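Visitor: here are the coordinates; sequence isn't available:
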Ligand SMILES: [Zn+2]
């Protein structure tokens, strides 16, 4: 897929094309909300740097179909490394992919990941010092860069300061303010904007055509494709149970059984309820009702915190729905 197909981020992609055709920074920081295409753009950029199609490269783009482009898409290109929580889990997991319990162990360990650790940074910085397999560009992408512990960030510093020739570091973050100043000062920042609602809708249609409530989920997405996926799932869960006095319990009963999936779903449901309540609050002109909606918003925030702290996600959702349901807030319009 060429750059031209990345939706609604033309300021960022135009800048990157200029880099390919002109002077390349040694390290870049892609900043912006999650789910707006930072990771996708970083990988497309790596493809544009290594594409075998010279005519595409001459335009600062990639062909998307040559052996290099396909290998990068498939995560099999040795010179392009995406260090994210999935990569880190693979590094840390003791089990072998051939073990029976591998999938289950992998999911469990992945769910525990909260920061990019120093061992992961050491692994990729060592790779950055190795000779390129193809003689092309080596691109190292660090996802959730704001979660790097101090030791990890310090281990990265000298490598982003003096990378070998044709080596590029790309750090991705949705919380630039949480990053070390020493890292920030060494990276060329590139801002990504929230996606317009129409772009979210279009992407949902392309990637999950069978999804119900596509345009509604796009409304609830706040410009993020990740949030749109979660909102679509939350809406279909809320719709799956019949409205009425038993609705809160029925929704809770239909939630996933595993703790990690249930927690994620609970967060998504609470996010959707919060946005619907906020919308009702903005539209409401009667003071007593506005106060009531404000109280609901406060309660929903508390439930969101509770879900992160070992409260059962199903109980949090059921209780939240019980108080929310009494306010007649439109959810599906
Ligand atoms: Zn190509």
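Guide: Nice, thanks for sending it over. No experiment lies behind these values; they were computed from the predicted model shown. Numbering: from 1, shown residues only.
Visitor: Report the helix or strand with the lowest average pLDDT across the protein.
Guide: For the chain, using mean pLDDT, DSSP states H and E, the weakest element among its helices and strands is helix 102-112, scoring a mean of 85.
Visitor: which secondary structure elements does the next helix or strand after that helix contact?
Guide: Where DSSP states H and E defines the elements, the next helix or strand beyond helix 102-112 is helix 118-129. The helices and strands touching helix 118-129, judged by 3 or more C-beta pairs under 8 Å, 6 or more residues apart in numbering; DSSP states H and E, are strand 80-83, helix 85-92, strand 138-142, helix 150-161. In short, each C-beta sits where N, CA and C put it, glycine included.
Visitor: Surely residue 323 touches residue 296?
Guide: Yes. Contact criterion C-beta atoms under 8 Å: residue 323 and residue 296 qualify, at 6.7 Å.
Visitor: More neighbours: which of the two?
Guide: Neighbour comparison, residue 323 and residue 296: the larger count goes to residue 296, with 23 against 14 (by other C-beta atoms under 10 Å).
Visitor: coming back round to it: what angle do the least confident helix or strand of the chain and helix 85-92 make?
Guide: 120 degrees (axes from the mean of the first three to the mean of the last three C-alpha atoms, to 10 degrees).
Visitor: Just the buried residues of helix 102-112, please?
Guide: Using 16 or more other C-beta atoms under 10 Å as the test for burial, helix 102-112 gives 106, 109, 110, 111.
Visitor: Save the helices and strands packed on helix 118-129 as a markdown table, and put in distance to the ion and mean pLDDT too.
Guide: Listed next are the helices and strands packed on helix 118-129 as a markdown table, based on distance: least, C-beta to the ion, whole Å; pLDDT from 0 to 100:
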| stretch | distance to the ion | mean pLDDT |
| --- | --- | --- |
| strand 80-83 | 13 | 97 |
| helix 85-92 | 23 | 94 |
| strand 138-142 | 14 | 97 |
| helix 150-161 | 27 | 94 |
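Visitor: Most tightly packed of those?
Guide: Neighbour counts (mean count of other C-beta atoms under 10 Å) averaged over each of the helices and strands packed on helix 118-129 peak at strand 138-142, with a mean of 26.
Visitor: Quick check: residues of this structure near the ion?
Guide: Within the chain, the positions near the ion by C-beta under 5 Å from the ion are 51, 53, 62, 63, 66, 69.
Visitor: Try it again at 6 Å.
Guide: 51, 52, 53, 62, 63, 66, 68, 69 (C-beta under 6 Å from the ion).
Visitor: Count the neighbours of the residue in the stretch 201-333 of the chain that the ion sits nearest to for me.
Guide: Residue nearest to the ion within the stretch 201-333 of the chain: residue 206 (20.9 Å; C-beta to the ion). Residue 206 has 10 neighbours, counted by other C-beta under 10 Å.
Visitor: Distance check, it against residue 214.
Guide: 11 Å (C-beta to C-beta, to the nearest Å).
Visitor: Same check on residue 319?
Guide: Taking C-beta to C-beta, one finds residue 319 at 29 Å from residue 214.
Visitor: secondary structure class for residue 65?
Guide: Here residue 65 is coil, with the state taken from DSSP: H, G, I helix; E, B strand; the rest coil.
Visitor: How about the contacts made by it?
Guide: By C-beta atoms under 8 Å, 6 or more residues apart in numbering, the contact set of residue 65 is empty.
Visitor: again, but for residue 75
Guide: Contact partners of residue 75, counting by C-beta under 8 Å, 6+ apart, are residue 82.
Visitor: I figured residue 81 hits residue 143, correct?
Guide: No. Residue 81 is not in contact with residue 143 according to C-beta under 8 Å; the separation is 10.9 Å.
Visitor: between the two, what contacts are shared?
Guide: In contact with both residue 81 and residue 143: no residue, using C-beta under 8 Å, 6+ apart.
Visitor: Show me the beta-bridge partners of residue 140.
Guide: residue 81, residue 169 (DSSP bridges).
Visitor: Let me know whether it touches residue 167 as I believe.
Guide: Yes. The criterion here is C-beta under 8 Å, and residue 140 meets it with residue 167 at 7.5 Å.
Visitor: Which residues are in contact with each of those two?
Guide: residue 128.
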